[in-house]
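1. Give me a model of this one.
(one chain, ligands or ions: 1)
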Amino acid sequence: MISVNPASLEVIAKYQPLKKTEILNKINLTHDEFLSWKDVPIDKRKDVLIKISDELLGNVDYHASIITSEMGKPIRESRLEVEKCAWVCKYYAENAEFFLEREVIKTDASLSYLGYEPLGVVFGVMPWNFPYWQVFRFIAPSLMAGNVCLVKHASNVSGCALAIEELVKKACDNKNIFNVLLIDSSMVSSVIENNHIKAVTLTGSEHAGSSVAMTAGREIKKTLLELGGSDPFIVLSDADVDDSVKKGVISRFLNAGQSCIAAKRFIVDSIVYDEFIDKMLIEIKKLKLGDPMDESTSIGPLAKIEFVDEISELVDSSVTQGARLLYGGKRDGSYYSPTLLVDVKENMDVFKKETFGPVMCISKCEDEDHAIDLANNSV
Ligand code: NAP
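-> Here you go, the predicted model:
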């Protein structure tokens with residue numbers, strides 16, 4: 001497994017995937033830890049999460065630079081990601097006891113209640129786009145609930161995975177509440193099938209999600225999937241155009257557009273269509289593409305060089321289908337320039353597929369009903 005800096009294309013590190021016996025060993029260690037962790041009082045679990053939060057806050061630059069060097073996110077955004085992870089640990093530390101309280105339910109029995117018992121080892125399969133956040137938002141509530149966690153991270157961010165593992169081990173005497181499995185995705189099914197795995201969660205593409213759900217379904221194990229999205233951003237005739245442009249540019253171009261919850265299809269009423277495009281073009285031209293370690297950069301490279309082919313094909317085919325390219329559309333190594341496509345129609349690839357890159361596509365609508373029809377016409 002190779003970590004490559006997408007900005008320089010230099011190899012950062014090579015990792016040997018775990019052998020079958022090593023995978024089994026890690027699953028067993030994590031399971032054995034569950035047998036103690038589930039009985040650790042919630043106040044002690046809280047202390048661990050607060051310690052993790054403090055560790056993150058005390059070393060924001062260190063962790064942010066691992067994120068940026070492995071997946072190319074501008075360093076300012078990486079720092080915010082690390083701070084958000086510290087926040088989520090603190091949030092669950094402070095609120096989990098309340099969330100886990102038993103809820104008494106009135107029935108004709110002498111006592112009925114809804115209780116929250118830990119399950120055991122929960123297995124997470126995580127993506128590279130928010131390589132710290134995706135892990136922490138999974139482990140913070142799980143650990144507070146008394147579960148223990150195993151993570152298979154995306155193959156290009158093993159350095160992030162190992163840094164998180166080290167941090168958690170430093171903060172907790174129970175050394176195996178969180179372990180990383182450096183494995184290829186072809187090994188995921190066999191991990192899910194292991195008896196000690198009680199639930200699985202995946203954040204990633206539909207393809208990966210359906211594969212994980214298939215195995216978990218066959219094994220009758222609980223699954224939680226967070227998959228892709230093609231969110232509409234609707235601007236109606238009475239909208240504040242300046243404000244919509246300001247919010248739209250952030251929502252589309254954060255993390256070079258590689259976010260599942262980003263605005264992906266801009267649907268703009270014909271009355272404000274030209275004004276929105278003119279003002280958006282001015283804002284997009286201000287975005288600075290460049291070295292993600294540079295404080296002034298707003299868009300870094302895509303996380304892997306092959307993603308440039310995908311986004312480039314999507315833009316080119318949409319232009320062939322009739323979209324107008326107003327700005328960008330240029331590639332250079334792992335970089336793809338911020339791009340504005342207008343007059344996008346429902347049949348075009350850029351409208352139908354999830355655009356995981358710095359490409360804004362704008363479609364015209366006639367009124368609110370038409371906007372909603374377009375918004376709902378998504379795969
Ligand atoms: P991906 O290729 O699905 O990878 C996600 C994770 O799944 C990685 O750890 C990957 O491992 C693993 N994986 C890939 N194929 C698998 C398979 N057949 N069986 C089991 N595991 C498999 O997705 P991505 O390119 O990293 O991320 C982009 C997608 O994730 C987008 O669609 C995006 O919208 C979605 N996403 C959703 C959320 C959300 O919260 N809903 C958040 C972030 C991203 P390898 O790296 O080893 O292939």
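
2. Quick check: which element contains the residue nearest to Cys365 when sequence neighbours are not counted?
-> Leaving out its chain neighbours, the residue that sits closest to Cys365 by CB to CB, 6 or more residues apart in numbering is Ala371, at 4.2 Å. (Each C-beta comes from the backbone N, C-alpha and C, glycine too.) Ala371 is located in helix 368-376, with elements delineated by DSSP states H and E.

3. Pull out the buried positions in that helix.
-> By neighbour count on 16 or more other CB atoms under 10 Å, the buried set for helix 368-376 is Ala371, Leu374, Ala375.

4. Go through those and say which is closest to the ligand.
-> The ligand has its nearest neighbour among the buried residues of helix 368-376 in Ala375, at 17.3 Å by CB to the nearest ligand atom.

5. distance of the closest one from Tyr113?
-> From Ala375 over to Tyr113 the distance is 41 Å, taken as CB to CB, to the nearest Å.

6. what does Glu81 give?
-> The value you get for Glu81 to Tyr113, if CB to CB is used, is 38 Å.

7. what sits against Ser112?
-> Val104, Ile105, Lys106 (CB atoms under 8 Å, 6 or more residues apart in numbering).

8. hmm, back to that, will you turn the buried residues of helix 368-376 into a markdown table that also has distance to the ligand?
-> A markdown table is the format used below for the buried residues of helix 368-376 (distance: CB to the nearest ligand atom, whole Å):
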| residue | distance to the ligand |
| --- | --- |
| Ala371 | 23 |
| Leu374 | 20 |
| Ala375 | 17 |
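
9. Which residue lies nearest the spatial centre of the chain?
-> With distances taken as CA atoms, centre = their mean, Phe130 lies nearest the centre of the chain, 4.5 Å away.

10. Please enumerate residues in contact with the worst-scoring helix or strand of the chain on mean pLDDT?
-> Least confident helix or strand of the chain, by mean pLDDT, DSSP states H and E, is helix 349-352 with a mean of 94. Where contact means CB under 8 Å, 6+ apart, the residues beyond helix 349-352 that reach it are 265, 314-315, 317-318, 321, 323, 341, 344-346, 359, 361, 363, 378-379.

11. and with 10 Å instead?
-> Under the contact criterion CB atoms under 10 Å, 6 or more residues apart in numbering, helix 349-352 has outside partners 230, 264-265, 267, 311, 313-321, 323, 339, 341, 344-346, 355, 359-361, 363, 374, 377-379.

12. what's the spacing between that helix and its chain's center?
-> Put simply, helix 349-352 sits 21 Å off its chain's centre (CA atoms, centre = their mean, to the nearest Å).

13. any idea how far Ala64 is from Glu77?
-> 9 Å.

14. who's more crowded, the two?
-> Ala64 (23 against 19; other CB atoms under 10 Å).

15. Which secondary structure state does the more buried one sit in?
-> helix (DSSP: H, G, I helix; E, B strand; the rest coil).

16. neighbours around the one residue in the stretch 251-379 of the chain that gets nearest to the ligand, how many?
-> Residue of the stretch 251-379 of the chain nearest the ligand, by CB to the nearest ligand atom: Cys260 (3.1 Å). By other CB under 10 Å, 20 other residues sit near Cys260.

17. so which of the contacts of Ser112 comes closest to the ligand?
-> Ile105 (31.5 Å).

18. And the pLDDT for that closest one?
-> The per-residue pLDDT reported for Ile105 equals 96.

19. just Ser378 next, same as before
-> On the pLDDT scale, Ser378 gets 81.

20. Got the phi and psi for the nearest residue to it once chain neighbours are set aside?
-> For Ser378, ignoring the flanking residues on the chain, the nearest one in space by CB to CB, 6+ apart is Ser230 at 4.7 Å. As for Ser230, its main-chain torsions (degrees, to the nearest 10) stand at phi -130, psi 60.

21. wouldn't Ser230 be in contact with Arg265 here?
-> Yes: using CB atoms under 10 Å, Ser230 makes contact with Arg265 at a distance of 6.1 Å.

22. Give me the more crowded residue out of the two.
-> Comparing Ser230 with Arg265 by other CB under 10 Å, the one with more neighbours is Arg265, at 25 against 17.
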